[in-house]
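Peer 1: got a predicted structure here, sequence first:
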Amino acid sequence: QVQLVESGGGSVQAGGSLRLSCAASGYTSSSYCMGWFRQAPGEEREGVAAIDSDGSTSYADSVQGRFSISRDGAKKTMFLQMNSLKPEDSAMYYCAAGLYEGLGENLYDYWGQGTQVTVSS
């Protein structure tokens, strides 16, 4: 059973930074792609960033240049470095894993429980 556990969320003022982590367990394949999604109250969940097994990345336009996704050498932990945070970045952030890289929800088979990010102005 694949499990994903997010951590690192919290409250920060606009312009600040946070680093989210996602620890994966329960699978042995190193070919899994991983992604970060977020959902604010009353809004649909949206893809934020994704990384494939070769390290190729993709970002939503809204976070390009401010967020950076990475994963460790063993590919079992993924990170999202978030800089220059804005109030509109406030949301529950979820990590996900699947066989195909991209920002669409339907590409991912496994999901974490989420970690809350709140950015105050």
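Peer 2: All right, it came through fine.
Peer 1: rest of the way, CA atoms for contacts and neighbours
Peer 2: Fine.
Peer 1: how close does the residue nearest the centre of the chain sit to residue 26?
Peer 2: Nearest to the geometric centre of the chain sits residue 36, at 2.2 Å (Cα atoms, centre = their mean). Separation of residue 36 from residue 26 (Cα to Cα, to the nearest Å): 19 Å.
Peer 1: got it, and residue 101?
Peer 2: Using Cα to Cα, one gets 19 Å for the distance from residue 101 to residue 26.
Peer 1: contacts only, for residue 24.
Peer 2: Applying Cα atoms under 8 Å, 6 or more residues apart in numbering to residue 24 gives the contacts 2-5, 76-77.
Peer 1: got the contact list for residue 23?
Peer 2: If you count contacts by Cα under 8 Å, 6+ apart, residue 23 has them with 4-6, 76-78.
Peer 1: so which helix or strand takes in it?
Peer 2: Using DSSP states H and E, residue 23 falls within strand 18-25.
Peer 1: contacts for stretch 38-46 next, please.
Peer 2: By Cα under 8 Å, 6+ apart, stretch 38-46 touches 37, 47-48, 90-94, 103-105.
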